[in-house]
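Novice: predicted structure and sequence below. I'll ask about it afterward.
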Amino acid sequence: MFDKRNLVFTAFSLLRPFWLISLLSTLIGALGGLTTAWLLATINQALYADAIESSLAWIFAGLVVLKLVGESTANLSNGFVGQQIIARLRKDLSDKILTAPIDRLERFQVHRLSAALNHDLGLISAFTFQVSTLAISASIVFGCIVYLLLLSPTLFLIAAAGIGAGAAANLYARHLTAKRVERIRMAHEDLHKHFRCLTQGAKELRLNRLRRSALRENQLGSAVNRIRDETLSSTRIFMAANTFATLMFFAAIGLLIALRFGLKLDKSVLSGFILVLLFVKGPIDQILSLLPLIGQAQVAFRKLVELATEFSNSEQYLLLEPQKPISPIITSIELSGVLYAFPAEKGPSPFSLGPVDLTIKGGEILFIVGENGSGKTTLIKLILGLYTPQEGAVLLNGEAVTTETCDDYRQIFSTVFFDYYLFEDLATPDGFGLEKVTTYLEKLDIAHKVRIEGGAFSTTDLSAGQRKRLALIHCYLENRPVLVFDEWAAEQDPTFRTIFYRELLPDLKRQGKTLIVISHDDRYFDAADRLIRLKEGQIVEAWTEESAAQALRG
Ligand SMILES: Nc1ncnc2c1ncn2[C@@H]1O[C@H](COP(=O)(O)OP(=O)(O)OP(=O)(O)O)[C@@H](O)[C@H]1O
């Protein structure tokens with residue numbers, strides 16, 4: 001549940017490292033603003049003076065310099081603080097995502113993340129650039145108010161009524177548009193989702209006219225139209241409020257002039273008053289024009305805090321360096337009474353796996369097989385320490401893996417997931433095996449397509465099967481004791497599929513690696529030392545090479 005205190009706390013924690021410079025720059029900006037009001041008073045004084053004294057000229061010049069220095073310093077330092085805050089937000093959010101529990105991350109859909117990282121951060125960035133303008137304008141308005149009050153309290157009351165009515169109209173407009181700002185933000189999330197469809201589903205959309213027009217007109221079109229219509233409607237509301245504010249402003253000026261004789265006002269006081277009033281309209285309009293942006297930035301900031309709260313249960317220690325070195329000796333990896341259930345958010349019956357008892361012996365080849373949706377990938381995510389079991393424990397060499405040791409534990413594995421991500425750069429421990437890369441490329445029959453250039457693959461624009469071979473090269477280079485393959489051979493041609501099961505796996509086993517392989521290739525099940533079959537989240541069959549041979553012997 002979102003907590004308002006959290007928003008305030010986050011805002012303060014963001015500003016804390018820069019509080020001094022923020023405060024100083026705001027004060028300097030305010031000084032610049034107040035100087036402007038003083039400058040106006042000096043001009044007014046000079047206009048009605050019988051003679052211009054040199055001291056007045058010096059004061060005028062000094063105030064101009066002070067105003068320029070104050071405002072530029074405030075603009076520069078506020079820009080600096082703004083950029084620091086944006087940089088900090090970007091890094092903090094990336095850290096949150098890097099350390100977020102994998103299952104949370106999987107549930108928090110990508111388009112929501114990209115809306116936050118692009119739309120929300122963009123709005124906050126735009127807002128931070130306006131902070132000094134806001135501070136300077138506010139202090140000019142404040143300074144002018146003080147000066148007007150000193151000039152004539154009666155005139156001030158009349159002017160304040162007019163300006164106050166306009167400001168109230170704008171605040172009411174802000175209230176009226178608050179829901180629209182929320183709806184625009186929601187539509188941006190939808191927009192990001194449909195933009196993903198545009199690029200990731202480009203081929204399918206080209207081939208399916210019905211889907212294409214549904215996306216164009218109903219989904220993407222609807223989100224675009226909602227943003228346009230809600231923004232236009234908000235703009236109209238603010239325009240109406242601004243028009244009313246201007247009307248009230250000039251009505252107040254009209255009234256002041258009309259009352260000139262009735263109130264027996266001094267001509268010089270009235271003209272000076274109106275001069276300052278006309279001047280102060282600029283900063284007032286500037287503040288009012290920023291109200292829509294302030295509303296949008298508030299919503300954006302709240303969304304970012306919500307995102308940070310969603311991932312607050314993060315594994316902060318993942319960012320600490322260095323980790324414990326990985327022990328290359330694996331005697332066993334054990335799941336003891338492990339249970340994991342997906343939350344009941346989607347669909348009536350969430351999937352649950354276990355309780356599972358499973359011991360993987362160091363150096364063996366274990367196949368995990370079963371129908372689609374039987375829980376194979378979920379099981380390996382538990383083995384890999386990517387999901388935390390709700391019950392039971394994972395043990396390495398007989399010792400329970402704890403929250404503190406989990407990341408060290410994860411470093412024993414190299415994986416190629418079914419939905420793997422192919423990194424272009426090679427991340428090898430101390431350059432391990434770099435001299436062997438060419439041999440690996442040749443072994444995987446990909447050397448004619450890819451070279452190593454500057455510590456990265458020269459290209460990853462390859463066929464699906466070839467890309468997966470590059471993912472395997474990453475595993476070779478990582479040189480970890482346990483390798484996990486989720487349907488690695490699915491995209492390979494028959495020849496290379498045979499090479500994978502008959503040559504590569506036995507070869508890795510000979511090097512002392514432990515191999516965990518998810519496979520649907522029943523022709524090669526005999527390549528396993530041990531096989532377990534999953535059904536509806538339970539191990540329903542387990543055999544070893546010996547038990548199979550014994551069964552065959554009868
Ligand atoms: N992020 C998720 N949220 C909720 N349920 C999920 C999630 N991921 C998987 N599931 C559910 O868990 C079940 C097991 O999924 P899993 O990916 O482990 O199956 P699998 O055996 O690897 O299937 P396949 O052979 O198709 O890859 C599925 O029925 C699926 O509905």
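Specialist: Here it is on my side, so go on. For clarity, every value in this text was computed on a predicted model and none was experimentally measured.
Novice: count the residues that sit near the residue of the stretch 51-200 of the chain found nearest the ligand.
Specialist: Residue nearest to the ligand within the stretch 51-200 of the chain: Glu106 (4.4 Å; Cβ to the nearest ligand atom). Yep, even glycine has a C-beta here, placed from its N, CA and C like the rest. The tally of other residues near Glu106 (other Cβ atoms under 10 Å) stands at 14.
Novice: likewise for the one 3 residues further on?
Specialist: As a burial measure, the neighbour count of Gln109 was computed by other Cβ under 10 Å and equals 14.
Novice: need the residues of this protein near the ligand, please.
Specialist: 106, 342, 346, 351, 370, 372-378, 418 (Cβ under 6 Å from any ligand atom).
Novice: farthest pair in those residues?
Specialist: Across these, the longest distance by Cβ to Cβ is 21.4 Å; it joins Lys346 and Gly370.
Novice: show me which of these two is the more surrounded one.
Specialist: Using other Cβ under 10 Å as the criterion, Lys346 and Gly370 rank with Gly370 on top: 21 against 9.
Novice: you'd agree Gly398 is up against Ser332?
Specialist: Yes: here Gly398 reaches Ser332: they are 6.7 Å apart, a contact under Cβ atoms under 8 Å.
Novice: those two: which has the busier surroundings?
Specialist: When Gly398 and Ser332 are compared for neighbours, Ser332 comes out ahead with 14 against 8, by other Cβ under 10 Å.
Novice: quick one: the more buried one from Asp529, how far?
Specialist: To Asp529, Ser332 is 14 Å away according to Cβ to Cβ, to the nearest Å.
Novice: which helices and strands sit right next to the biggest helix by length in the chain?
Specialist: The single longest helix within the chain, with elements called by DSSP state H, is helix 153-200. Here helix 153-200 touches helix 110-114, helix 131-151, helix 221-258, helix 267-310, going by 3 or more Cβ pairs under 8 Å, 6 or more residues apart in numbering; DSSP states H and E.
Novice: below-threshold pLDDT in this structure: ranges please.
Specialist: Residues of the chain meeting the criterion pLDDT under 70: 1-15, 313-314, 316, 320-327, 345-348, 429-434, 545-554.
Novice: mind giving me the domain split of it?
Specialist: Per automatic domain parsing, the structural domains of the chain span 4-315, 332-553.
Novice: how many neighbours does the residue nearest to Ile163 when sequence neighbours are not counted have?
Specialist: Of all residues not flanking Ile163 in the chain, Phe249 sits nearest, at 6.2 Å (Cβ to Cβ, 6 or more residues apart in numbering). Residues within reach of Phe249, counting by other Cβ under 10 Å, total 21.
Novice: the one 5 residues further on now?
Specialist: Gly254 is flanked by 11 other residues according to other Cβ under 10 Å.
Novice: tell me which residues of stretch 85-92 come out buried.
Specialist: By 16 or more other Cβ atoms under 10 Å, the buried positions in stretch 85-92 come out as 85-86, 89.
Novice: I should have written stretch 246-264 there, sorry.
Specialist: Buried residues in stretch 246-264, counted by 16+ other Cβ under 10 Å: 248-249, 252-253, 256.
Novice: same check on stretch 145-156?
Specialist: In stretch 145-156, counting by 16+ other Cβ under 10 Å, buried: 145, 147-148, 151-152, 155-156.
Novice: determine how far it lies from the middle of the whole chain.
Specialist: In this view, stretch 145-156 has its centroid 49 Å away from the chain centroid, taken as Cα atoms, centre = their mean, to the nearest Å.
Novice: which residues are contacting it?
Specialist: With Cβ atoms under 8 Å, 6 or more residues apart in numbering as the test, stretch 145-156 has contacts from 37-38, 40-41, 159-160, 256, 263, 265, 269-270, 272-273, 276-277, 280.
Novice: so which residue is dead centre in the protein?
Specialist: The centre of the chain sits closest to Leu117, judged by Cα atoms, centre = their mean, with a distance of 3.5 Å.
Novice: tally of neighbours for the closest residue to it other than its chain neighbours?
Specialist: Distances taken as Cβ to Cβ, 6+ apart place Leu93 nearest to Leu117, at 6.5 Å, with adjacent residues excluded. For Leu93, the tally of surrounding residues (other Cβ under 10 Å) stands at 19.
Novice: what sits against Leu93?
Specialist: Each residue near Leu93 by Cβ under 8 Å, 6+ apart is listed here: 116-117, 121, 304, 307-308.
Novice: if we can go back for a sec, tell me the secondary structure at the residue of the stretch 51-200 of the chain closest to the ligand.
Specialist: Of the three states, Glu106 takes helix under DSSP: H, G, I helix; E, B strand; the rest coil.
Novice: same check, this time on Val450
Specialist: Classification of Val450 by three-state DSSP places it in coil.
Novice: contacts only, for it.
Specialist: Shown in contact with Val450 (Cβ under 8 Å, 6+ apart): 441, 457-459, 462, 470.
Novice: inside helices: which ones of those residues?
Specialist: 441, 470.
Novice: buried subset of the contacts of Val450 as a PyMOL selection?
Specialist: Of these, the buried ones go into a single PyMOL selection, burial set by 16+ other Cβ under 10 Å:
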select buried, resi 441+457+462+470
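Novice: looking at the contacts of Val450, spot the one nearest the ligand.
Specialist: Nearest to the ligand out of the contacts of Val450 is Leu470 (Cβ to the nearest ligand atom; 21.6 Å).
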